[in-house]
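Engineer: coords below, sequence missing:
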């Protein structure tokens with residue numbers, strides 16, 4: 001099962017607040033445990049801004065043992081973009097958050113997201129007029145939700 005969460009117009013002063021907001025949406029949806037936002041922040045601290053996949057878009061995640069309770073995906077659109085320190089893809093205004101309870105349960109969800117991103121998902125998310133439409137666009141991208 002994939003849990004969808006969406007948040008729109010989130011104010012974040014920096015990448016840490018942006019990551020925490022995106023991961024917290026998964027906590028609020030019941031897909032991740034309370035410690036998941038901390039774990040997602042640590043991923044960037046330890047590994048740098050590799051989570052910034054393309055212009056303006058980051059994939060927030062942590063390891064399954066860091067709090068994934070279900071396969072969950074969420075979208076957070078920021079009120080203003082923030083810098084992650086990525087040399088090519090900053091600033092980030094759109095965050096996809098992802099969690100999984102085990103290393104194998106999420107493969108189909110990530111594959112669907114990758115296909116949808118190459119098919120213009122980021123533009124559809126940026127153009128969505130509100131939170132409900134953000135969630136709807138994400139649900140279309142991940143059909144098993």
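Structural biologist: Perfect, thanks for sending it. Because the structure is a prediction, the values reported are computed rather than measured.

Engineer: how far out from the middle of the chain is the least confident helix or strand in the chain by mean pLDDT?
Structural biologist: The weakest-scoring helix or strand in the chain, judged by mean pLDDT, DSSP states H and E, is helix 107-118 (a mean of 80). Relative to its parent chain, helix 107-118 has a centroid offset of 13 Å by Cα atoms, centre = their mean, to the nearest Å.

Engineer: Following the chain onward from that helix, which element is next?
Structural biologist: Counting by DSSP states H and E, the next helix or strand C-terminal to helix 107-118 is helix 121-127.

Engineer: Could I get the full set of helices for the chain?
Structural biologist: 15-28, 36-47, 107-118, 121-127, 131-141 (DSSP state H).

Engineer: residue ranges with poor pLDDT in this structure?
Structural biologist: Judged by pLDDT under 70, the chain has its weakly predicted residues at 1, 105-107, 144-145.

Engineer: Check the spacing between the residue of it most remote from its centre and residue 55 real quick.
Structural biologist: Going by Cα atoms, centre = their mean, the residue of the chain most distant from its centre is residue 87, 20.0 Å out. Note on residue 87: its distance to residue 55, by Cβ to Cβ, to the nearest Å, is 12 Å. Yep, even glycine has a C-beta here, placed from its N, CA and C like the rest.
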